[in-house]
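Colleague: sequence isn't available, so here's the structure alone:
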């Protein structure tokens, strides 16, 4: 029997019991195959589970769900960086520490603020190379598929668009956060749109806030999700940043904003974003937030 230490973190949380729960399993001096990691992810039954293997030079950090290995997303990058800092794996840069994650041919660098009580705010940087598709179904058809009055989409200053950085995402703007919260998929109308879009990833957003702390409210919606479930939105932040940078009103320069997620009756997240838009240059962004350590424990694995 082998004991594996783990930490349970609330990521993008302004306070305990908020944000997204991410378990991080520490495989110091141990190794485990993909099947074992998938089984542990199934045991936790959280959105994603992070594994840190300091002795695995090729892949020291990996992310799994009950379906198998996944790419890094904003939540798992922050979770891995937090625990790596505590394990002494991050590089001391004076007032902050940095940690480098590897994913395929990509390197993602995170920056961890140092405080007297351990890791502070965490931010990571990425260079984005988005592709944009302005062709989307007509607004009345989108509104019908989302069980919403089409005026709540049509009167937004933004327009629907498909953006792809890590995966194609249909981004649909609403006028107010309360309309985002009220939306739900109409199975019949949504099935009718299947031939018009090439992604099942849908991100709804509106200017405004449910926490009183953000510039935008965001929500991922999917045919596979129950109506009142509000999954993490960190994985679509690269697409949302590219969407905002594509707007004509977004002038060249550095832009700072925040996005919240959740509902008044569920866990809430707060994500902070910066991006640099300059003509002729790649789009650079930084995504960050706070992490709250909620507990530690051990798994007994044979």
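Modeller: Ah, there it is. Not measured: the values here are computed from a predicted model.
Colleague: what about the stretch 101-250 of the chain, any weak spots by pLDDT?
Modeller: The model of the stretch 101-250 of the chain has pLDDT under 70 over residues 194-196, 198.
Colleague: so which strand or helix has residue 5?
Modeller: Following DSSP states H and E, one finds residue 5 within strand 2-11.
Colleague: by contact count, what packs against that strand?
Modeller: Other helices and strands packing on strand 2-11, by 3 or more Cβ pairs under 8 Å, 6 or more residues apart in numbering; DSSP states H and E, are strand 20-26, helix 74-86, strand 291-301. For the C-beta atoms, the positions are set from N, CA and C on the backbone; glycine is no exception.
Colleague: residues making contact with it?
Modeller: Outside strand 2-11, the residues within contact range by Cβ atoms under 8 Å, 6 or more residues apart in numbering are 16-28, 30, 40, 75, 78-79, 82-83, 86, 232, 234, 269, 289, 291-302.
Colleague: name the residues of that strand that are buried.
Modeller: If you call a residue buried by 16 or more other Cβ atoms under 10 Å, then strand 2-11 has these buried ones: 4, 6-11.
Colleague: ok, now which ones touch the most centrally placed residue in the chain?
Modeller: What sits nearest the mean C-alpha location of the chain, by Cα atoms, centre = their mean, is residue 234, with 1.2 Å. Contact analysis of residue 234 by Cβ under 8 Å, 6+ apart lists 11-12, 20, 73-75, 78, 269, 271, 287.
Colleague: does residue 108 touch residue 99 like I think?
Modeller: No - using Cβ atoms under 8 Å, residue 108 makes no contact with residue 99, being 9.1 Å away.
Colleague: higher neighbour count, these two?
Modeller: Between residue 108 and residue 99, counted using other Cβ atoms under 10 Å, residue 99 has the larger neighbour count: 23 against 17.
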